[in-house]
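[1] sequence? don't have it. structure:
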């Protein structure tokens, strides 16, 4: 069975408590539960991982090379500062979908630039939980080898 | 019944013929057919519009104020140059979803900046036809008034 | 009798409905009615034109060369993006007054730069309907050939 | 009776003698005489002040808080360099109209940016004596509490 | 017979009347007449089109895909602002020659950058009518499939 | 009893040994001892933490949400590169005081910009041990709910 | 007895009246009273000076060379524009502490850069009255010759 | 008989051998032979010069003042770095045509800016040998004093 | 007898005491004495003025219009920030020589840009007292109407 | 015996598997084996360390202060983002050699700037395994105290 | 026998005399002697060339195309300004190693950017004579066709 | 007898013929004659050199190390582009005076930056022949070892 790795970046463990006017009231557990339902329905395995450590995320992606066939990542703050995560995605060459709960383009200037986007297949930003849902659907198609340019 | 306006920006009439290595082989008619199926299933009306003219797109959005409750737009080249379309979205205040077939963040530098994104609810980029499908789903939720921050 | 051309740029047809906290509640018809009263009092002709199309505005200015002796323009969104309107003003060499309802200098950064201002005689920004009234008075003087440097 | 403060910035005492091809032949006394006629007709008081000293202008605005209900200012060279005058306007919170004799947007690059404009109600630039006249009319309305967004 | 599309951008309809010290006294009809003579001599068809509308130019190029084998374009003001025309050239993949009457590199800074040049085969700038003549000769060779790198 | 979290960023474990001409000869243990004396005198609890790991600092701040009522942080090198620490402060919304031993504004250019300062209550820079002492006093007031704008 | 010069920059005479949401309700007299108490307790002399004039502040610092052994300055708006005050501090070489009531780093971009900071011993920003209190304590230590790098 | 100076800049001696995918297979001797045929037909003299030395090119242009009536130059790498060649053209005031074999606007960013173009009459870029041919025709017209703005 | 105005900008009253490694040990009185000797020998009058106030310098230049035929100015810190002094020089149109004791181009970046230089006849920088001496000689020639371009 | 610390930065554990067209097929174990042979031959000790964690690398360098006399580091992605590693090198003051397998100057723009290089003795980039070999030789000389400026 | 060309750029003839604190005391003759020993040992020919002339270096590289199989270059000042040397390396396509005696990344800002590095195989900077030695070893491998990515 | 080297940069051989409205009508021979008279009067030797070749100027300065005790240079176009001449001055460490006939600060932007000025003792710009005369006087003092900071 195909396996998809889901990575939640820094501070997403605080979801629901953190700035609800920006990120909503949903918690990370609720997101994960929803994602697992979708995975089950689509008959793919899901490995879920949250970390505040850039290095742990790099480790995780590096080790995923064999086991996982697609990556769904919300890099959060590391979106804008981590060349190491970008390099890990390049190095493992796993097809990657980047998601954001909030619309990063209507926030501070320094959040408008993503170091991850140029090495991802695509990016979804601004739809709260739905960003993850659409993102997982896209990742499943990538994992199954569907051509996303029809 | 809620009505959603779908706008395809400049050169999208050429889809399928235009740079297939970037945009895929799908045509605009095939996209529209797929979107209409989804709309029917979700019991919303769909108005579809393509134009190469910035002014016609501005007209269309301005006139949509009463009839439509959400906007799905692929602004194509006008993503990067049109303050007028941005202003039309602001002026009518219709909730808007921005979509792109290709990943605009892995292309030329001048395509990394969207004038539309800061006034949209969210943006989806890089998943070909699926960008439109996820986008329409998001627009339907906006039209029906679901809170997208759960 | 001298004739003055008044051009309202994109989205100004929505005036009164559009973002009233920025642009006020006045409609374009009310502005035009007021301008015509002033014109009548000053014994000048007035041609009024609104368009969301950059090309139509360029056409209009190009054709005004013979008939009109001054131009009053609120270029709205095209203020910041249209080299073509700037070139049309240069090409016809009609003395031009640029007006804005809101103070463009207290809004987003990209609204601080006007491509039109360097080729206009002067600019009035931030006084709502009064921006147009002062602007028309200035345009009338230009049309009548009064030296505005006393 | 409402009182309006008129401030002429640095070098405006030289008006009429200074670069007549840019600023015209009118003198500061002629401007002040004209402004006083308008004030009298509108039944408002006028205090006129010219200084080449940034600090004196800051003092003047700071002290105007109680006595004056609107400010008409031609900040001249300090338009582009004085955070202190900007702060004085913010601190006293008197509604302010910024005027310029010449069109600052068709001159050197460093004259295109105004530190004062973002804290003013509006700006008028390029109409010689008429810039002051329209500006005073706008200031009178502000002083009398007319809503300038109709 | 091979057909070449000639597009004249915004304000070129005013040629001869517009800023003669920059653009000369020649009219667009005189240019077209000269180009047609050359076409006839070279046994190629010529379609000539002038528009002030970015959208119409995009339409024209999009529709030219089948009928035309080369494009000669003076994008005028749209040289510096139109991603849509650039995308239309990319989308149709017709070999393109960019021409300018005046030397755009000795004019204002914002005229030094061409969005069209990177997708054209070559650019000719500064030789008045001769810019068009050399440009048409180059376009004819491209249409006939001559290798321009000898 | 109110509890205050003190975080020392990367390389501060080397204090006293590291570049004494920039940072002085004091060690981190001496700083902590002094801070604890002040805390005791003011009847607040103190938790002290040093880490070279961005992720551990983010973890620490995230977990402090319930236990601590103010944060005193010397982010050291992460001052200039960590959006994640900035986001952790925003997410937990604990009032924060930023301190630096040396004057970061008289050092290399890249040390002049702090990503933390905009989300802190205030910043103290350049007074060696005294930066921490003043900072702790400020943090104590914040913890006790004194209004720092008097 | 050591003497310390306290300089309040432009508009600080308006304190308490000026933008209370930014600067608080405290007046300059209350600040000075508090500072004098601290000075008395520490057995140092205090000279207090407020001016809206850049030149007067430069004069004051220039003349302080002999009489004063430390300088406490809130340069306010001149923080961002005055090379002359910076040069006066360099010229007299009196150890200097820079303070700000509000956190200049969470305000407009142009307030993030201090021309004074690189020539000061340290900077304190954002703690209202406490910024002055900590600043005076630091200035007293500098005046008494305590090494601030412990 | 009018004489035209043709200058080939650095590395053009390697033509035909150098990066044929960029510059084609033609050699400098073949270019010169073709240019001489055209010159003969037009009854103008041709002096041809190639150098890798910025100083020699400056010498050549400086000495051409009397003998030559037009200059055809492919400045190659010096296009982007030589103020000295620009000054030589200004100093001698010989009408100049700038040519490039490849389209410099579709290459690396640092090749998009020409220091020569603002002092040339016009520029031709991207047509291989034909760039030289059109350029020589333009230079001949300039040499014979034909007005190129018709 | 021709009269030359000499202006010493801010902090120059401190000369000899201020940073002797940058400005040397000479005092302003010694400079003035030397300048007066040269003036006497050349039979021109000299008015000498020092001020730390931008406004006073602007006043002085404005009033010099009739009495003085040349201006020698060391604008010191105002070199880099004063548009008002620049405008005063433009307004009075007195030929101006700018001098600096130290080499402003080997100091901090913000001292490399002079707002005064573009409106001066010339600039002398880096020769201590000799900068003034050469500068006065140049000013005398300008006052006497010698053409300095031989 | 002198000891040299070798640090491999993030993703280098993937070497041989990661983008072989950029980094080659060699594995980190093969590199380490080769480095140990050289160390043995030169009679120096070698400690080898790989980590994807910025904080662990900072820890390692901080702790190396006593034990190691030189540092050989391939900072990989942290080259471009880590002020903390730079500070660790400054703090411990161990002579450092920076190496890169690929030529970072022929890759993406954001890889052209190294935060580490200014605090290293030297940098070697682009020679694959040989970058490490030359780097170790240089580090051995630094460890043994040979003057590398002969 | 393979031949390697060694080029020493401008001012390297002064080595040993020039700024010994930056470049050391070694002379160019001593460097060349050492390089020749290594060449002999490796059985490769060495041609050594020093010039202060950009054009001569371009000539040399252009002529090396046939005779030499690798290039070792210290471009010195031309590192930062010469597009012509870059083009010569591209044109001849000889594998190139760039070396610098000093660490260019710890010097002035304008020395941080190399125009040569992107077209070289690799760069070695900061190891004095050893930069040349490592560089020659790398060049010999390139000349002999060893794959440097193992 | 002390010897001073005078270097005239590119295109100065054309003086008198070149753009007389910028550079005046004086020839290089007249300048040299005047400089020699001054040298004779001051009992110093003068070597005069003009070249359009950057490399020759670098050679000249390099060789001057022993023979000359001061350098007077008008680097002309190389002022703005030559790191090599800057390095030559640094390498030989001869005290240098930079002169310009015209005021480089009132010309094009790219002429405002001098690469030479930071390594010169001082710069004189804008006084025609007098720039050279003042410059030679300054160079003579430097040659004789007079302290120019009095």
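    Happy to help now that I have it. Predicted model only: the values in this text are computed from it and were never measured.
[2] Which strands and helices lie in contact with the helix or strand hosting residue A:49?
    Using DSSP states H and E, residue A:49 maps to strand A:45-50. Counting contacts by 3 or more CB pairs under 8 Å, 6 or more residues apart in numbering or on different chains; DSSP states H and E, strand A:45-50 is packed against strand A:3-8, helix A:28-41, helix A:54-67. Placement of C-beta: from N, CA and C, glycine included.
[3] Can you tell me the number of residues neighbouring residue A:74?
    When neighbours are counted by other CB atoms under 10 Å in any protein chain shown, residue A:74 registers 26.
[4] ok, the residue nearest to residue A:100 when sequence neighbours are not counted to residue B:9 distance?
    Once flanking residues are discounted, residue A:100 sits nearest to residue A:125: 4.2 Å by CB to CB, 6 or more residues apart in numbering or on different chains. Computed as CB to CB, to the nearest Å, the residue A:125 to residue B:9 distance reads 19 Å.
[5] Where does chain A get nearest to chain F, residue-wise?
    The nearest approach of chain A to chain F comes at residue A:53, 2.8 Å away (CB to the nearest CB).
[6] List the contacts of the residue nearest to that residue when sequence neighbours are not counted.
    Nearest residue to residue A:53, sequence neighbours excluded (CB to CB, 6+ apart): residue F:55, at 2.8 Å. When contacts are counted by CB atoms under 8 Å, 6 or more residues apart in numbering or on different chains, residue F:55 touches A:10, A:51, A:52, A:53, A:54, A:55, A:56, F:84, J:53, J:55.
[7] For residue A:65, which non-adjacent residue is closest in space?
    Nearest non-adjacent residue to residue A:65 (CB to CB, 6+ apart): residue A:92, at 4.3 Å.
[8] Tell me who's in contact with the one you found.
    By CB under 8 Å, 6+ apart, residue A:92 lies in contact with A:61, A:62, A:64, A:65, J:14, J:18.
[9] what does residue A:81 give?
    Going by CB under 8 Å, 6+ apart, residue A:81 touches A:115, F:81, F:82, F:83, F:84, J:81.
[10] Of the contacts of residue F:55, which is the most crowded?
    Greatest neighbour count in these, by other CB under 10 Å, goes to residue A:54: 33 neighbours.
[11] Contacts only, for that one.
    A:10, A:78, A:82, A:84, A:85, F:54, F:55, F:84, J:52, J:53, J:54.
[12] Just the closest of the residues you listed to chain H, please.
    Nearest to chain H, judged by CB to the nearest CB, of the contacts of residue A:54 is residue A:82 at 25.8 Å.
[13] How much space separates the residue nearest to the closest one when sequence neighbours are not counted from chain K?
    The shortest distance from residue A:82 to any non-neighbouring residue, by CB to CB, 6+ apart, is to residue A:54 (5.4 Å). Residue A:54 sits at a distance of 24 Å from chain K (criterion: CB to the nearest CB, to the nearest Å).
[14] Out of the helices and strands packed on strand A:45-50, which is closest to residue J:2?
    helix A:54-67 (29.4 Å; CB to CB).
[15] May I see the buried residues of that closest one?
    A:54, A:55, A:56, A:57, A:58, A:59, A:60, A:61, A:62, A:64 (16 or more other CB atoms under 10 Å in any protein chain shown).
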